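1. would you be able to build a 3D model of this:
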Amino acid sequence: MNRANFQQIVNHYIDCFEVINGPKHQEYYKWQIANDFRPMMDAALGSSDSEFPARLYQLKKRTRNVIDSYTQPFHGLCKFAEKEPQTVRQMLVELYASDDLSKQEKVTRFLEQSHALREKYYSGSYLYSDDMHSVTGYMFLYDPDDNYLYKASHARIFADCIEFYDDWGYGEHTQLDVFNRMCDEVIEAINDSPELLATAESRFEIDPAGMHPDQNKHILLFDIIYCCSTYQLFKGIHFVVPKNSERKLMQQRKETAKQLSAALREARAKLELLEEGQRVLDEAVSVGMQIHHRLFGDGIIQSIDATTMTVDFMKAGTKSLGIATAVLNGIVTTDDAILCERLTPYRECLMNAKQLGDAVSFAERKLAPYIDYLE
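-> Take a look at the predicted model:
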């Protein structure tokens, strides 16, 4: 994420704040709608089948243009409720349920059911088709603190501006986890901007009791993304809108960088384990210690270097032995009866000490050309 570009967006947002929230535009209505949506939806879901469609329609009217577009998906849901109130009610109950399904699974299942109703009652019409925007909208307005609102046309150009190039796909193949990851990164940047937070907080002076508190700043994030396109907050920010082929290449490089970074972390972890095992071995084997060799018998350690020890055996004379190999394979024993057992967690690392050092260097060289693609 390009934080410099995001900071320019923030500067423009703050500069335009009074205009955006003034009498003409009143963009604070998003917080008011979010404040009313959940209690109105709960009341609709708790109503009778005969009342449900009308209550849902009142909720649709309250949301204004936050969800509905020229294809009128929310209006269509109200139409479906007139035909099958129990079906639509259950669709929404399942969408809002606390269960083990991911957000992606919930949206996909809702879309499948909605499309089936549209095909059944309004086949061939371009109207009343739910999509990723409308369904994430139902979720977002019901629980803004735990959901993000996806609107492709606004989100894509915003992502390009802040140089978030991970591909979340298109249409109903949109991968919400990727889009949500971008949102999480921006929320972190929002919370690192005291001036933005203070400016945004002043909005609540307009209608203190009638606005959703937006504890996690998800409504603020949507407002910023929306206002970027609507009020030209990108003005003066130079950024590249990559072609699909370029976006795909950048995504591939980011994936490669991620894999190489993971390989480097693993190599470094093994090297740390080796160093820990080497300390245990160093503490247990020292110059002057008496040892017993399986073939050479008893001897005294005369000297030790990084990986080998020189031993003077009473019967076999002076021998040079690899410390780790001799101890771990039980060829050499000491007075420490459980030494071999203590070294068991480090066995593989100690037996491959030379290769581990080379592996870290190799992993660092492999990652170097991709370092700029790490998140």
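2. where along the stretch 51-200 of the chain do the helices fall?
-> Secondary structure of the stretch 51-200 of the chain, counting by DSSP state H, counting those that start in this stretch: helices at 52-62, 73-83, 85-96, 103-121, 132-142, 152-161, 176-191, 194-201.
3. just the angle between the third one and helix 103-121, please?
-> Computed with axes from the mean of the first three to the mean of the last three Cα atoms, to 10 degrees, the direction of helix 85-96 lies at 160 degrees from that of helix 103-121.
4. gap between residue 163 and residue 157?
-> According to Cβ to Cβ, to the nearest Å, residue 163 stands 12 Å off from residue 157. (C-beta placed from N, C-alpha, C; glycine too.)
5. a strand runs through residue 292, doesn't it?
-> Yes. Counting by DSSP: H, G, I helix; E, B strand; the rest coil, one finds residue 292 located in a strand.
6. that one against residue 330, yeah?
-> No. Using Cβ atoms under 8 Å, residue 292 makes no contact with residue 330, being 10.6 Å away.
7. of these two, who's got more company?
-> residue 292 (14 against 9; other Cβ atoms under 10 Å).
8. now do that one against residue 312, distance only.
-> 13 Å.
9. and the closest residue to residue 196 other than its chain neighbours, how far is that from residue 192?
-> Leaving out its chain neighbours, the residue that sits closest to residue 196 by Cβ to Cβ, 6 or more residues apart in numbering is residue 10, at 5.0 Å. Relative to residue 192, residue 10 is positioned 10 Å away (Cβ to Cβ).
10. nearest residue to the middle of the chain?
-> Nearest residue to the geometric centre of the chain (Cα atoms, centre = their mean): residue 181, 3.9 Å.
11. now the helix or strand hosting residue 43, how far from the centre of its chain.
-> Using DSSP states H and E, residue 43 sits in helix 29-45. The chain centroid and the centroid of helix 29-45 are separated by 28 Å, computed with Cα atoms, centre = their mean, to the nearest Å.
12. next one: stretch 155-162
-> Taking Cα atoms, centre = their mean, one finds stretch 155-162 lying 17 Å from the centre of the chain it belongs to.
13. for that stretch, C-alpha coordinates in CSV please.
-> Coordinates of each C-alpha in stretch 155-162 appear next as CSV, following Å, rounded to 0.1, in the frame of the first residue of the first chain:
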residue,chain,number,x,y,z
ALA,A,155,-12.9,0.2,-5.0
ARG,A,156,-10.9,-0.7,-8.1
ILE,A,157,-9.6,2.8,-8.9
PHE,A,158,-9.0,3.4,-5.2
ALA,A,159,-6.9,0.3,-5.0
ASP,A,160,-4.9,1.4,-8.0
CYS,A,161,-4.2,4.8,-6.4
ILE,A,162,-2.9,3.2,-3.2
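14. ok, now which ones touch the closest residue to residue 60 other than its chain neighbours?
-> Nearest non-adjacent residue to residue 60, counting by Cβ to Cβ, 6+ apart: residue 74, 4.5 Å away. The contact partners of residue 74, taken as Cβ atoms under 8 Å, 6 or more residues apart in numbering, are 60, 63, 67-68, 134, 137-138.
15. same question for residue 253.
-> Applying Cβ under 8 Å, 6+ apart, we find residue 253 in contact with 370, 373.
16. in this structure, what secondary structure element scores lowest on mean pLDDT?
-> Counting by mean pLDDT, DSSP states H and E, the weakest-scoring helix or strand in the chain turns out to be helix 339-342, with a mean of 81.
17. helices or strands up against that one?
-> Contact here means 3 or more Cβ pairs under 8 Å, 6 or more residues apart in numbering; DSSP states H and E; on that basis helix 339-342 packs against helix 244-284, helix 323-328.
18. and with 6 Å instead?
-> Here helix 339-342 touches no other helix or strand, going by 3 or more Cβ pairs under 6 Å, 6 or more residues apart in numbering; DSSP states H and E.
19. and that helix, C-alpha only, in PDB?
-> What follows is helix 339-342 as a C-alpha-only set of coordinates in PDB (Å, rounded to 0.1, in the frame of the first residue of the first chain):
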ATOM      1  CA  LEU A 339      22.800 -35.800  26.300                       C
ATOM      2  CA  CYS A 340      21.700 -37.600  23.200                       C
ATOM      3  CA  GLU A 341      18.000 -37.300  24.200                       C
ATOM      4  CA  ARG A 342      18.400 -33.600  24.900                       C
END
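20. list the buried residues of that helix.
-> When burial is assessed from 16 or more other Cβ atoms under 10 Å, helix 339-342 yields the following buried residues: 339-340.
21. how far off centre is the helix or strand following it?
-> Scanning forward in sequence from helix 339-342 by DSSP H and E, the next helix or strand is helix 347-351. Relative to its chain's centre, helix 347-351 lies at 35 Å (Cα atoms, centre = their mean).
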